[in-house]
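# give me a model of this one.
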Amino acid sequence: MAATDTLSRHQPVTAAVRFDEVSVTRGGISILDKVTATVPKGSCTAIIGPNGAGKTTLLLALLEEISYQGTIRITHNGHAPRIGYVPQRLSFDRGMPLTVNEFLTMGFQKKPLWFGVHRDLQRRSLDFLALVKAEHLAGRRIGALSGGEMQRVLLTLALLQEPDILVLDEPSAGVDFQGEHIFCELLDELRRRKGFTQLMVSHDMATVTHHATHVICLNRKVAAEGPPQQTLTNVNLTAIFGMHMGLVNSRSMPEDRAVCSASCCQEPPDA
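Just a heads-up that it's a prediction; the model follows:
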């Protein structure tokens with residue numbers, strides 16, 4: 001779904017997740033400082049910010065993988081909220097003689113895999129692989145997959161949880177440009193069909209601009225949040241990335257300044 005499909009500002013926003021003054025400190029260093037933000041239900045919410053801004057840390061707090069101060073509230077409809085997670089990468093022994101189908105079913109099957117994959121589980125994993133257009137990978141060895149193929153398998157594993165909230169940490173990391181485009185379009189289609197809320201960390205401003213319906217600008221604290229058209233402004237991007245982070249060009253400088261006024265950008269007087 002493109003950013004132009006943003007939830008109407010005239011409709012009350014139902015929150016899938018609310019972060020209320022969430023703080024994380026490690027080794028005496030503040031990683032997150034009283035982060036308060038909302039993830040609208042059914043949205044594609046993107047968390048953006050520079051390296052070290054605490055983006056992944058906020059996801060790990062949501063997943064209860066790290067301790068934090070503050071409150072995280074997850075809205076659910078009569079059942080414990082189901083969260084699917086797609087990490088940036090998965091570290092594993094690529095020499096393992098494990099197929100994609102076995103990898104996807106081993107968390108659901110009670111008997112050991114060497115007895116074979118249960119027929120119903122095998123069919124279910126194939127159905128979910130088909131959702132991400134990767135059913136042809138079912139018999140492939142997990143260690144032989146490319147980066148883009150592995151991302152599709154990890155997405156399939158997350159979808160097998162039938163999540164209310166799908167959390168993705170740099171979903172297109174290690175994927176080529178064409179694969180990245182396909183992956184994002186695929187997520188948009190699945191979100192519409194399945195009705196889950198998507199929360200992702202992304203460094204790719206093109207992806208955020210074209211696919212996010214809600215944006216949280218984070219650099220230890222929330223600098224801004226809201227629909228992309230209102231949030232991805234020159235002032236906000238400069239505030240979180242600075243003037244020299246590579247993502248900010250002349251269009252994302254303050255409106256009243258055509259060039260950078262920092263001393264490093266000024267020619268010496270005798271030039």
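
# with adjacent residues omitted, what lies nearest to residue 121?
Sequence neighbours aside, residue 105 is the residue nearest to residue 121 in space, at 4.4 Å (criterion: C-beta to C-beta, 6 or more residues apart in numbering). All C-beta atoms are positioned from the backbone trio N, CA, C, and that covers glycine.

# phi, psi of that neighbour?
Main-chain torsions, residue 105, degrees, to the nearest 10: phi -100, psi -10.

# pLDDT score for it?
At residue 105, the model reports a pLDDT of 83.

# equivalent analysis for the one 3 residues further on, please.
Looking at residue 108, its pLDDT reads 68.

# quick check: the spatially most central residue of the chain vs residue 231, distance?
The centroid of the chain falls nearest to residue 200 when counting by C-alpha atoms, centre = their mean (1.7 Å). Noted for residue 200: a distance of 15 Å to residue 231, by C-beta to C-beta, to the nearest Å.

# go on, residue 171?
The gap separating residue 171 from residue 231 is 20 Å, by C-beta to C-beta.

# looking at these two, which one has more neighbours?
Using other C-beta atoms under 10 Å, the more surrounded residue of residue 171 and residue 231 is residue 171, with 25 against 20.

# where does the chain dip in pLDDT?
Applying pLDDT under 70 to the chain flags the ranges 1-12, 78, 93, 107-118, 172-182, 243-271.

# in it, which spans are strands?
Ranges of strands in the chain, per DSSP state E, are 15-26, 29-40, 44-48, 69-74, 83-86, 165-169, 197-201, 214-219, 221-226.

# in contact with residue 144, which residues?
Taking C-beta atoms under 8 Å, 6 or more residues apart in numbering, we find residue 144 in contact with residue 94.

# try 10 Å
Contacts here follow C-beta atoms under 10 Å, 6 or more residues apart in numbering; on that basis residue 144 touches 94, 99, 100, 137, 150.

# same question, residue 73
For residue 73, the contact set (C-beta under 10 Å, 6+ apart) comprises 15, 16, 17, 18, 19, 20, 38.

# one more time with 6 Å
Counting by C-beta atoms under 6 Å, 6 or more residues apart in numbering, residue 73 touches residue 18.

# what distance do you get for it to residue 205?
From residue 73 across to residue 205, the span is 29 Å (C-beta to C-beta).

# just residue 44 next, same as before
Going from residue 44 to residue 205 by C-beta to C-beta gives 15 Å.

# show me which of the two is the more surrounded one.
The residue with more neighbours, out of residue 44 and residue 205, is residue 44; 29 against 18, by other C-beta under 10 Å.

# go ahead and confirm the more buried one touches residue 198.
Yes: counting by C-beta atoms under 6 Å, residue 44 touches residue 198, with 4.4 Å between them.

# my read: residue 88 touches residue 168, true?
No: counting by C-beta under 6 Å, residue 88 stays clear of residue 168, with 8.9 Å between them.

# let me have the contacts of residue 144 in a markdown table, extended by neighbour count.
Putting these into a markdown table (neighbours: other C-beta atoms under 10 Å) gives the following:
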| residue | neighbour count |
| --- | --- |
| 94 | 11 |
| 99 | 18 |
| 100 | 26 |
| 137 | 22 |
| 150 | 20 |
